[in-house]
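>>> The amino acid sequence is not available; the structure is as follows:
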């Protein structure tokens, strides 16, 4: 008789190895609708590959707590609706990753999409200036990498070794391997690598005048170097890796977000690149975190990492 673990593995194989690849081959309007329907199901049953990996369903409850904090005046029904919609947007983002290797589809998306502020980043790179680009797990952030790369920006992206965690089902690890391969098709020769094992690669990439993308909405690990910045209503301890990279390599710092605007249509927004203030890096980082916060508050249901909010450390509260 199959165990719950076996059934979970079977469902993941069907979901990630059969359903998603097949709907990615359909016309975009149909594929997107099916991906969104998949997300509603995930939300209703509280399914997320991270929950499955540790055997504990927590994402929906943690996301609901985040929606209550981000939308305190909204009613309980709306907070719950936005919580479920987070799963819908997450499913669409996973479906998008299967499109990256389809050159014809990506060319169509590229032609329909809009990128604001990229010219300054490309000009800086042409002049030999390296770039540290901050983003967040908001909406179609990976599609943003593809569209910027297709525009000519050479990009390297920090991932995490957790994507190869042995607790994850092999089909999930394969999903991310294929996602990375699809992304690398558009990064102008740049690579996606885990920061835990390949930090020297990113320093070398910056020394060559390339760009490195880092997630800014990741909280600092306990006892790790951190920077305290205002973010989502509190002074938070956030990872200091990006500022360290920028200071040591004399890189410019900027941010980008990518918003889904309709079937096959996206908008990438880039901030102007700035030289980080080594004596007071928070002066450079605070506007970037404000840029990210503004869009999270505008689209809270699209913040795919909303479940992290409860683990952020409040500097004021820890004193």
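Nice, I can see it. For clarity, every value in this text was computed on a predicted model and none was experimentally measured.
>>> remind me, longest strand of this protein?
For the chain, the strand that runs over the most residues, judged by DSSP state E, is strand 252-262.
>>> counting contacts, what elements does it pack onto?
Judged by 3 or more C-beta pairs under 8 Å, 6 or more residues apart in numbering; DSSP states H and E, strand 252-262 is in contact with helix 118-126, strand 131-135, helix 141-150, helix 241-249, strand 265-270, strand 274-275, helix 281-298. In short, each C-beta sits where N, CA and C put it, glycine included.
>>> any chance of those in TSV, plus mean pLDDT and mean neighbour count?
Below are those laid out as TSV (pLDDT from 0 to 100; neighbours: other C-beta atoms under 10 Å):
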stretch	mean pLDDT	mean neighbour count
helix 118-126	96	17
strand 131-135	97	25
helix 141-150	98	24
helix 241-249	93	21
strand 265-270	98	20
strand 274-275	94	14
helix 281-298	95	17
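>>> that older thread, so for the longest strand of the chain, what's the average pLDDT?
Averaged over strand 252-262, pLDDT sits at 98.
>>> Could you list the buried residues of that strand?
In terms of neighbour count (16 or more other C-beta atoms under 10 Å), strand 252-262 has its buried residues at 252, 253, 254, 255, 256, 257, 258, 259, 260.
>>> Let me know the angle separating that strand from helix 141-150.
Between strand 252-262 and helix 141-150, the angle comes out at 110 degrees (axes from the mean of the first three to the mean of the last three C-alpha atoms, to 10 degrees).
>>> where does strand 252-262 sit relative to the chain's centre, distance-wise?
Relative to its parent chain, strand 252-262 has a centroid offset of 10 Å by C-alpha atoms, centre = their mean, to the nearest Å.
>>> where does the stretch 1-150 of the chain dip in pLDDT?
In the predicted model, the stretch 1-150 of the chain carries pLDDT under 70 at residues 1-8, 53-55.
>>> any chance you could map the helices in it?
For the stretch 1-150 of the chain, the helices defined by DSSP state H, counting those that start in this stretch occupy 4-12, 20-23, 28-45, 49-54, 59-70, 76-97, 103-112, 118-126, 141-150.
>>> What lies in contact with the third one?
Residues lying outside helix 28-45 but in contact with it, judged by C-beta atoms under 8 Å, 6 or more residues apart in numbering, are 15, 19-20, 23-26, 47-48, 60, 83-92, 94-95, 105, 263-264.
>>> and that helix with helix 59-70, angle?
Using the same axes, to 10 degrees: helix 28-45 against helix 59-70 is 90 degrees.
>>> residues of helix 28-45 that come out buried?
Buried, per 16+ other C-beta under 10 Å, within helix 28-45: 28, 31, 32, 34, 35, 36, 38, 39, 42, 43.
>>> Let's check: the centremost residue of this structure is which one?
By C-alpha atoms, centre = their mean, the chain has its centre lying nearest to residue 137, at 3.0 Å.
>>> Run a quick neighbour tally on the residue lying closest to it once chain neighbours are set aside.
Spatial nearest neighbour of residue 137, chain neighbours left out: residue 305 (3.7 Å); criterion: C-beta to C-beta, 6 or more residues apart in numbering. Applying other C-beta atoms under 10 Å, we find 20 residues neighbouring residue 305.
>>> which ones are touching residue 305?
So residue 305 contacts 136, 137, 217, 218 (C-beta under 8 Å, 6+ apart).
>>> which residue sits closest to the third one, ignoring its sequence neighbours?
Once its chain neighbours are removed from consideration, residue 217 has its nearest residue in residue 136; the separation is 4.0 Å (C-beta to C-beta, 6+ apart).
>>> do you know how far that neighbour is from residue 112?
24 Å (C-beta to C-beta, to the nearest Å).
>>> neighbour count winner among the two?
Per other C-beta under 10 Å, whichever of residue 136 and residue 112 has more neighbours is residue 136, with 22 against 13.
>>> Now that the more buried one has come up, it's in contact with residue 303, right?
Yes: counting by C-beta atoms under 8 Å, residue 136 touches residue 303, with 7.3 Å between them.
>>> I'd like the secondary structure assignment at the closest residue to residue 247 other than its chain neighbours, please.
Nearest residue to residue 247, sequence neighbours excluded (C-beta to C-beta, 6+ apart): residue 278, at 4.9 Å. Classification of residue 278 using DSSP: H, G, I helix; E, B strand; the rest coil returns coil.
>>> and residue 278, how far is that from residue 209?
From residue 278 to residue 209 the distance is 19 Å (C-beta to C-beta).
>>> what do you get for residue 69?
For residue 69, the distance to residue 209 (C-beta to C-beta) stands at 40 Å.
>>> Tell me which residues touch the closest residue to residue 252 other than its chain neighbours, please.
Excluding its sequence neighbours, the residue lying closest to residue 252 (C-beta to C-beta, 6+ apart) is residue 273, at 3.8 Å. If you count contacts by C-beta under 8 Å, 6+ apart, residue 273 has them with 120, 121, 124, 129, 131, 252, 253, 254.
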